[in-house]
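>>> Give me coordinates for this.
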Amino acid sequence: MDRFLPDLVRDEDYPLTLGRYTLTALLGEGGMARVFRADLDGPSGFTKAVAVKIVRAAVANSEELKRALIHEARIGGMLHHPNLVEVYE
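Next comes the predicted model:
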């Protein structure tokens with residue numbers, strides 16, 4: 001796939017490989033992004049359940065959005081609790 005367009009993913013497209021992630025379902029969506037349930041695939045068959053947030057193409061080139069996502073990732077990376085997801089990338 002040359003360019004991934006998250007808005008075009010349908011239920012029948014799963015599982016869908018994107019780099020080292022295998023998308024398995026849509027968890028939620030908003031005006032700027034969609035969040036997918038996925039498996040992070042590692043060496044020797046290692047997998048970890050993760051959520052992957054993918055920004056919609058229509059807003060992807062906004063500098064304001066880039067700053068907001070970096071800010072969101074920094075804050076998320078500082079939080080540690082069993083009921084919260086960890087930020088990896």
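
>>> residues in contact with residue 15?
Counting by Cβ atoms under 8 Å, 6 or more residues apart in numbering, residue 15 makes contact with 22, 23, 24. The way it works is simple: take the backbone N, C-alpha and C, and place the C-beta from them, glycine included.

>>> just checking, the second one touches residue 50?
No. With contacts defined as Cβ atoms under 8 Å, residue 23 does not count as touching residue 50, sitting 10.0 Å away.

>>> Looking only at neighbour counts, state which of the two leads.
residue 23 (21 against 16; other Cβ atoms under 10 Å).

>>> Flag every buried residue along the one helix or strand that one maps to.
Using DSSP states H and E, residue 23 sits in strand 21-29. For strand 21-29, burial by neighbour count (16 or more other Cβ atoms under 10 Å) applies to 21, 22, 23, 26.

>>> Give me the residues contacting that strand.
9, 11, 14-17, 34-41, 50-52.

>>> after that strand comes which helix or strand?
Following strand 21-29 in sequence, per DSSP H and E, is strand 33-41.

>>> and the angle for that next one with strand 21-29?
If you take axes from the mean of the first three to the mean of the last three Cα atoms, to 10 degrees, strand 33-41 sits at 150 degrees to strand 21-29.

>>> what about strand 33-41, distance to the chain center?
5 Å (Cα atoms, centre = their mean, to the nearest Å).

>>> Which other helices and strands does it contact?
Judged by 3 or more Cβ pairs under 8 Å, 6 or more residues apart in numbering; DSSP states H and E, the packing partners of strand 33-41 are strand 21-29, strand 47-55.

>>> Any chance of those strands in JSON lines with mean pLDDT and distance to residue 84 as columns?
Listed next are the helices and strands packed on strand 33-41 as JSON lines, based on pLDDT from 0 to 100; distance: least, Cβ to Cβ, whole Å:
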{"stretch": "strand 21-29", "mean pLDDT": "95", "distance to residue 84": "15"}
{"stretch": "strand 47-55", "mean pLDDT": "90", "distance to residue 84": "11"}
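
>>> Any chance of those strands in CSV with distance to residue 75 as columns?
Formatted as CSV, these follow (distance: least, Cβ to Cβ, whole Å):
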stretch, distance to residue 75
strand 21-29, 19
strand 47-55, 14
